[in-house]
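Peer 1: structure here, sequence nowhere to be found:
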């Protein structure tokens, strides 16, 4: 079996407040669970990423259209239930939880320091949403010269057409795009 010491699976924004948008479609979370289990079986580091803010939201500028609504409505502080990782993919001891303050997993977080410290150069991306955290993280990670794979069925978006266009036309320019099952088969064959 190959060593995957320099690979990490990023499980991004699978937190209660975001997963709840897909609450009527519990089956859509199965690919995430399968990806996490496969990573663990192959000793691939699993890193969880969430978006959350300090109490009082001092990180949110009123100029930020996406996040300024959260400052007014609340519910997105680090201790709120909405920012906790969904029970279907709970982290195990030793699996880091990175808190970011913007859309990209790198923005306002210590993710890059963590990856450098562990000499990780290959990222497997999963998350909600495809047009949010996955797109932003992919672009930034590509600029930072990481090798990238996107797990197409372990990414969700409220707009299926946007998901399709990103997965089929945009992401392949900078990453390998695989289903979770295809990725697991590749792990078994390496």
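Peer 2: Alright, I've got the coordinates. From a predicted model like this one, the values you see are computed outputs, not experimental measurements.
Peer 1: the helices in this structure, which residues?
Peer 2: 16-19, 30-41, 65-73, 111-117, 135-143, 160-165, 180-189 (DSSP state H).
Peer 1: packing partners for the fourth one?
Peer 2: Using 3 or more C-beta pairs under 8 Å, 6 or more residues apart in numbering; DSSP states H and E as the contact criterion, the neighbours of helix 111-117 among helices and strands are strand 45-51, strand 97-100. The C-beta positions use only the backbone N, C-alpha and C, and glycine is treated the same way.
Peer 1: switch the helices of the chain over to CSV; also include mean pLDDT, distance to residue 96 and mean neighbour count.
Peer 2: Shown next, in CSV, are those (pLDDT from 0 to 100; distance: least, C-beta to C-beta, whole Å; neighbours: other C-beta atoms under 10 Å):
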stretch, mean pLDDT, distance to residue 96, mean neighbour count
helix 16-19, 94, 19, 20
helix 30-41, 97, 13, 19
helix 65-73, 82, 23, 13
helix 111-117, 98, 6, 16
helix 135-143, 98, 15, 20
helix 160-165, 98, 27, 13
helix 180-189, 96, 21, 16
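Peer 1: with distance to residue 82 as added columns, please give those helices in TSV.
Peer 2: Below are those laid out as TSV (distance: least, C-beta to C-beta, whole Å):
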stretch	distance to residue 82
helix 16-19	3
helix 30-41	18
helix 65-73	10
helix 111-117	21
helix 135-143	20
helix 160-165	23
helix 180-189	26
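Peer 1: residue 47 is nearest to which of those helices?
Peer 2: Smallest distance to residue 47 across those (C-beta to C-beta): 7.0 Å, for helix 111-117.
Peer 1: what's the longest strand in the chain?
Peer 2: Ranked by residue count under DSSP state E, the longest strand found in the chain is strand 147-156.
Peer 1: most tightly surrounded among the helices and strands packed on helix 111-117?
Peer 2: strand 45-51 (a mean of 24; mean count of other C-beta atoms under 10 Å).
Peer 1: tell me the strands beside it, with direction?
Peer 2: strand 7-12 (parallel), strand 97-100 (parallel) (DSSP bridges).
Peer 1: got any ranges where this structure has weak pLDDT?
Peer 2: The chain contains residues with pLDDT under 70 at 1-2.
Peer 1: repeat the analysis, applying 50 as the threshold.
Peer 2: 1 (pLDDT under 50).
Peer 1: which of the helices and strands packed on helix 111-117 sits closest to residue 67?
Peer 2: That would be strand 45-51 among the helices and strands packed on helix 111-117, by C-beta to C-beta, at 8.4 Å.
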